[in-house]
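Q: sequence first, then the predicted structure:
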Amino acid sequence: MKFFSLKAAVAACLLVATAAHAGPFILAGTDADDHGSANGVANLNGWLFMQRALENLAPGVTNGNKVVTILGSTGSASTASNSAFNFSNLSGAGWTIQTVSTANFGTFFGAGGGINNAGILMMDSGGNVSGGVDGNAFVPFASLIDNFLGAGGGLFSQANGYQWLTTLLPTIGIVGGGATGLALTTEGGNAFPGLSNPDLSSGPWHNYFTNTGALPVLARSTTVSVGGEGVAVIIGGAAGSITNPGGSVPEPTSLALVGAALMGAFWSQRRRKSASAQ
C-alpha cells in the first residue's frame with residue numbers, strides 16, 4: 001500500500017480549500033420595476049421588492065466583488081434599479097452600482113471583461129417596462145452568466161422573456177400570464193429571509209415557470225394554480241448556478257474537516273511506517 005507524502009497531503013488540502021462557493025440567484029416572473037416608486041426616503045411597492053431582493057442576495061455573493069451591474073437598462077427600468085440600490089443597505093456595506101449598455105455587452109462578457117469585477121448582475125423586465133432589455137440580448141452570454149453564478153456571483157432577473165434561461169435549460173417552460181398575489185414557499189423563506197409576501201405582491205406578475213427540475217421554487221401565485229398548486233412565479237436558489245442549483249462545494253467547516261482528515265491520514269500512515277521499520 002502507498003502512503004501519503006506530506007506534499008501530496010498538503011496539495012490535496014489546497015485543492016479542496018481553493019474551491020469557491022457559488023452565488024445566489026432570483027429569477028422572477030414579475031415586473032416590479034414598472035410598479036413602484038420612491039418617496040424621497042424609501043422605496044415603495046415593486047421597487048421595495050427589488051431592494052429586498054438585492055439585500056438578500058448580497059450576503060450570499062462570495063466572489064469578493066461588491067458591484068451591482070445593471071445590464072443595459074435605460075429610462076424607467078434604470079431609475080427603478082438605481083432606486084432599489086440607493087435605498088438598500090448595500091452602499092453602507094461597501095457596494096457600488098454601475099450600468100453596462102447593451103452596446104458594450106460583448107466587451108463586458110468577453111475574456112478579461114467587466115463581469116470579472118461584478119458581484120450581482122441585474123436584469124430588468126424587458127418589454128414590460130420602459131427602457132427594458134429583451135431576454136434575447138442575453139442569449140449569446142447565457143453560459144457565461146451561469147459560470148459567473150457558479151464562481152460565486154449573484155443574479156436578480158425579472159420577466160424579460162427568459163430566452164437566455166431556456167438556452168441553459170431547454171426543458172424549462174416560460175408561460176405568459178398576468179395576475180397579482182404571491183406567497184413565499186418554505187424554500188423561499190429559507191433562501192431569502194427578510195422578503196415578505198406583501199413585498200412580492202405589490203404589482204402583477206407576467207410569467208410563471210414549469211418543469212423547473214432541481215431549481216427551488218421560491219414563490220407561488222396565490223390566484224393561479226395548476227393541479228391544485230399555485231404556479232411557480234419566482235425560482236432560484238441560495239447558492240449554485242442555474243444548471244447546478246445548490247452547488248457542490250463544501251461549507252467552510254467541511255473544508256476544514258477534509259483538510260484535517262487528510263493531514264491526520266498522513267501522520268497516521270507515517271507513524272505506522274516508522275514503527276514497522278524499527
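A: Alright, I've got the coordinates. Numbers count the residues shown, from 1 in each chain.
Q: neighbouring contacts of whichever strand or helix holds L48?
A: L48 is part of helix 46-57 when elements are defined by DSSP states H and E. Residues outside helix 46-57 that contact it (Cβ atoms under 8 Å, 6 or more residues apart in numbering) are 23-26, 28, 30-38, 42-43, 68, 80-81, 83-85, 87-90, 120, 122, 154-156, 192-196, 199-200, 202-203. Using the backbone N, CA and C atoms, a C-beta is placed for each residue, glycine as well.
Q: okay but G240 is in contact with A151, surely?
A: No - using Cβ atoms under 8 Å as the test, G240 is too far from A151 to be in contact (11.2 Å).
Q: overlap in contacts of the two?
A: A22.
Q: so which of the two has more stuff around it?
A: Higher neighbour count among G240 and A151: G240, with 23 against 16, using other Cβ atoms under 10 Å.
Q: for G152, see how far away the more buried one is.
A: Distance of G240 to G152, given as Cβ to Cβ, to the nearest Å: 10 Å.
Q: show me where the protein has strands.
A: Ranges of strands in the chain, per DSSP state E, are 25-28, 36-38, 43-45, 67-71, 96-100, 120-123, 154-157, 173-179, 182-184, 205-210, 217-226, 229-237.
Q: thinking again about what came up before, filter the contacts of helix 46-57 down to just the buried residues.
A: Buried subset of these (neighbour count, 16 or more other Cβ atoms under 10 Å): 23-26, 28, 30-36, 38, 43, 68, 80-81, 83-85, 87-88, 90, 120, 122, 154-156, 192, 195, 199-200, 202-203.
Q: next, show the common contact partners of G240 and G152.
A: Common neighbours of G240 and G152 (Cβ under 8 Å, 6+ apart) are A22.
Q: what number of residues lie near the closest residue to G161 other than its chain neighbours?
A: Leaving aside its chain neighbours, G161 sits nearest to G135 (3.5 Å; criterion: Cβ to Cβ, 6 or more residues apart in numbering). A total of 23 residues lie near G135 under the criterion other Cβ under 10 Å.
Q: list the contacts of G135.
A: Counting by Cβ under 8 Å, 6+ apart, G135 touches 123, 126, 160-165.
Q: N65 and G188, how far apart?
A: Going from N65 to G188 by Cβ to Cβ gives 25 Å.
Q: higher neighbour count, the two?
A: Just comparing N65 and G188: by other Cβ under 10 Å the higher neighbour count belongs to G188, 24 against 20.
Q: got a pLDDT number for the more buried one?
A: Looking at G188, its pLDDT is 90.
Q: repeat for G176
A: So, for G176, pLDDT stands at 91.
Q: what sits against it?
A: The contact partners of G176, taken as Cβ under 8 Å, 6+ apart, are 206-207.
Q: that one bridge partners, please.
A: N207 (DSSP bridges).
Q: Q98 too?
A: For Q98, the beta-bridge partners are T69 (DSSP bridges).
Q: near N45, how many other residues are there?
A: 17.
Q: wait, it touches S202, no?
A: Yes - assessed by Cβ under 8 Å, N45 is found in contact with S202 at 3.7 Å.
Q: now list whatever residues contact both of the two.
A: 32, 35-36.
Q: between those, which is nearest L218?
A: The closest of those to L218 turns out to be A32 (Cβ to Cβ; 14.1 Å).
Q: if I look at the closest one, how far off is M50?
A: For A32, the distance to M50 equals 5 Å [Cβ to Cβ].
Q: overlap of the contact sets of those two?
A: With Cβ under 8 Å, 6+ apart, A32 and M50 have common neighbours A80.
Q: picking that back up, how big is the angle separating the helix holding L48 from strand 96-100?
A: With axes from the mean of the first three to the mean of the last three Cα atoms, to 10 degrees defining the directions, helix 46-57 sits at 110 degrees from strand 96-100.
Q: tell me the pLDDT of the spatially most central residue of the chain.
A: Centroid check for the chain by Cα atoms, centre = their mean gives F25 as the closest residue, at 1.8 Å. pLDDT for F25: 95.
Q: what of A191?
A: 80.
Q: next up, the contacts around the nearest residue in space to it that is not next to it in sequence.
A: Once flanking residues are discounted, A191 sits nearest to A238: 3.9 Å by Cβ to Cβ, 6+ apart. Listed by Cβ under 8 Å, 6+ apart, the contact set of A238 reads 24, 60, 190-192, 246.
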